[in-house]
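Trainee: need coordinates for the following:
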Amino acid sequence: MSKKTMKHFVLSVLCLCCMTSFAGAAENPGMGAMLLLSEIDQHKGKVVVLNFFATWCAPCREEIPGLVRLRRSYPVDKVAILGLSLDEDPALVLPFVSKYGINYPVKMANADVVRMFNIRSVPHNTLYDTMGRLVVNQPGLIAEEDFKDVIDQLLEQKK
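Mentor: Model prediction:
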């Protein structure tokens with residue numbers, strides 16, 4: 001194969017890879033930082049819990065049943081919970097949501113969201129107060145009772 005032919009072949013493969021990546025992104029768009037901030041803003045007046053997880057993460061699998069129970073114990077007009085998957089393969093997430101009976105919205109998080117919250121490990125949780133202020137942004141599993149304590153305190157705060 002001549003250098004010229006090899007060059008065309010490599011360029012064709014690169015173009016095909018790029019087109020495939022863009023097509024996949026269009027089919028499975030993740031939640032970007034601007035969209036996530038807009039969603040948080042739409043929930044002003046509520047406590048907002050963002051739970052960053054991955055399907056392969058054992059502590060995440062331990063934490064999620066508590067979040068499912070929390071979703072049941074607070075009215076939707078008082079507390080919003082959103083799961084944000086950091087999995088690379090979106091196809092893994094839907095079966096996971098079904099298996100764990102997740103009863104709150106789950107979206108894929110884009111890389112800009114990971115940077116915005118400085119996420120270095122999962123699980124990672126953030127909580128916003130009813131005024132839309134970030135009050136918790138921490139890695140590690142949070143026990144259900146600890147979530148309840150923080151949520152209750154935030155709901156009791158004066159506006």
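Trainee: following the helix-or-strand element of the chain with minimal mean pLDDT, which helix or strand comes up?
Mentor: Least confident helix or strand of the chain, by mean pLDDT, DSSP states H and E, is helix 3-27 with a mean of 35. The C-terminal neighbour of helix 3-27 among helices and strands, as given by DSSP states H and E, is helix 33-42.
Trainee: mind listing what's buried in that following helix?
Mentor: Ala33, Leu36, Glu39, Ile40 (16 or more other Cβ atoms under 10 Å). Backbone N, C-alpha and C define where each C-beta goes, glycine included.
Trainee: could you dump those into a markdown table with pLDDT and distance to Phe96 added?
Mentor: Listed next are these as a markdown table, based on pLDDT from 0 to 100; distance: Cβ to Cβ, whole Å:
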| residue | pLDDT | distance to Phe96 |
| --- | --- | --- |
| Ala33 | 96 | 23 |
| Leu36 | 97 | 20 |
| Glu39 | 95 | 21 |
| Ile40 | 96 | 23 |
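Trainee: what's the closest non-adjacent residue to the residue nearest the centre of the chain?
Mentor: Centroid-nearest residue in the chain: Leu84, 1.3 Å away (criterion: Cα atoms, centre = their mean). Of all residues not flanking Leu84 in the chain, Ala109 sits nearest, at 4.1 Å (Cβ to Cβ, 6 or more residues apart in numbering).
Trainee: domain-wise, how is this structure divided?
Mentor: Per automatic domain parsing, the domain ranges recorded for the chain read 1-30, 33-156.
Trainee: most tightly surrounded among the ones you listed?
Mentor: domain 33-156 (a mean of 16; mean count of other Cβ atoms under 10 Å).
Trainee: ok now that one, how far from the chain's centre?
Mentor: 7 Å (Cα atoms, centre = their mean, to the nearest Å).
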